[in-house]
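>>> What shape does this take:
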Amino acid sequence: MGIIQRLFGRPDPKDVFRMPTNPEGFLGSLRRRKFWRQIDVPILESIVQNAHGEMELIRNFVFVSEQYRLVEKNFLAFAANPELIFGSPAVGFGLTLYRLGSDLCKQVYSVRDPEQIGFIHLSADMAFTSAVLCDPRQLEAYAGMAFLYGDIFLNKKVALEWCSKYKDAEDDLRCTPDEQLAVFHRATKQGLLNPDEDKQTWEEIAKYAPHLLEGQPLVDDRTLRDEIEDLERRLVSM
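Prediction:
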């Protein structure tokens with residue numbers, strides 16, 4: 001890739017597999033990369049630290065974010081307005097990645113080419129795990145992984161692992177004091193503790209501002225935990 005392309009062209013997602021193989025070196029390269037260099041370093045550092053040295057998680061996060069142009073289309077806006085309703089740009093990154101994973105899962109059913117299905121599978125996995133990397137309290141992303149491997153690409157062991165991770169993450173959120181939570185997660189916690197009140201809130205939003213619910217799951221009498229536990233029972237009985 002020439003210098004003009006590096007400076008002004010779109011980054012090639014495949015470059016991430018040629019970048020340094022240690023977190024510090026990788027982060028240094030990422031900070032010089034187009035679009036990423038516009039994001040404050042502490043935001044990127046916090047995400048890299050969440051990987052606890054697992055370079056595959058870090059590389060996959062950058063790859064899938066660039067492959068689907070999330071950096072320039074979504075992340076820069078979150079980084080420029082760190083408070084918004086999320087309380088942290090990384091929370092916004094996580095929600096964006098979760099929505100990408102959900103959209104990819106829906107695409108599987110309309111595709112017939114095995115190679116394309118394989119790429120969608122891999123990309124959905126990267127999207128959900130990257131959502132958790134950005135935001136370890138992104139409960140829907142844990143559930144996304146559980147259903148990806150429990151209902152779509154069957155792998156009982158992986159699906160059960162993510163069911164367990166979902167429950168651990170939900171329990172942690174329930175027990176975390178509100179003052180330690182981002183605004184978005186305080187609202188999620190409130191919904192877990194008071195589901196009837198939460199349902200009423202979402203119904204009001206759906207009535208008066210439905211555009212705010214774009215990409216969000218419909219709210220019903222069953223909780224996400226109910227769905228996860230149903231999935232666990234089905235998998236265990238297989």
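>>> Please look at residue 94 and residue 141 and confirm they touch.
Yes - counting by Cβ atoms under 8 Å, residue 94 does reach residue 141; the two are 6.7 Å apart. Backbone N, C-alpha and C define where each C-beta goes, glycine included.
>>> Mind listing the shared neighbours of these two?
Jointly contacting residue 94 and residue 141 under the rule Cβ atoms under 8 Å, 6 or more residues apart in numbering are 131, 132, 135.
>>> Are any of those residues buried, and if so which?
131, 132, 135 (16 or more other Cβ atoms under 10 Å).
>>> secondary structure element for the first one?
Per DSSP states H and E, residue 131 falls inside helix 114-134.
>>> Can you give the distance from that helix to the centre of its chain?
In terms of Cα atoms, centre = their mean, to the nearest Å, the centre of helix 114-134 is found 10 Å from the chain centre.
>>> what angle do whichever helix or strand comes after that helix and helix 114-134 make?
Using DSSP H and E, the helix or strand that directly follows helix 114-134 along the chain is helix 139-147. Per axes from the mean of the first three to the mean of the last three Cα atoms, to 10 degrees, the angle that helix 139-147 makes with helix 114-134 is 140 degrees.
>>> Tell me which residues are up against helix 139-147.
Against helix 139-147 from outside (Cβ under 8 Å, 6+ apart): 94, 97-98, 101-102, 105, 124-125, 127-129, 131-132, 135, 158-159, 162-163, 165-166, 169-170, 173, 188, 217, 224, 227-228, 231.
>>> try stretch 96-109
In contact with stretch 96-109 (Cβ under 8 Å, 6+ apart) are residues 61, 64-65, 68, 70, 74-75, 78, 117, 120-121, 123-124, 127-128, 130-131, 134, 138, 140-141, 144, 147-148, 152, 215.
>>> Give me the buried subset of those residues.
Judged by 16+ other Cβ under 10 Å, buried ones among those: 61, 64-65, 68, 70, 74-75, 78, 117, 120-121, 123-124, 127-128, 130-131, 134, 138, 140-141, 144, 147-148, 152.
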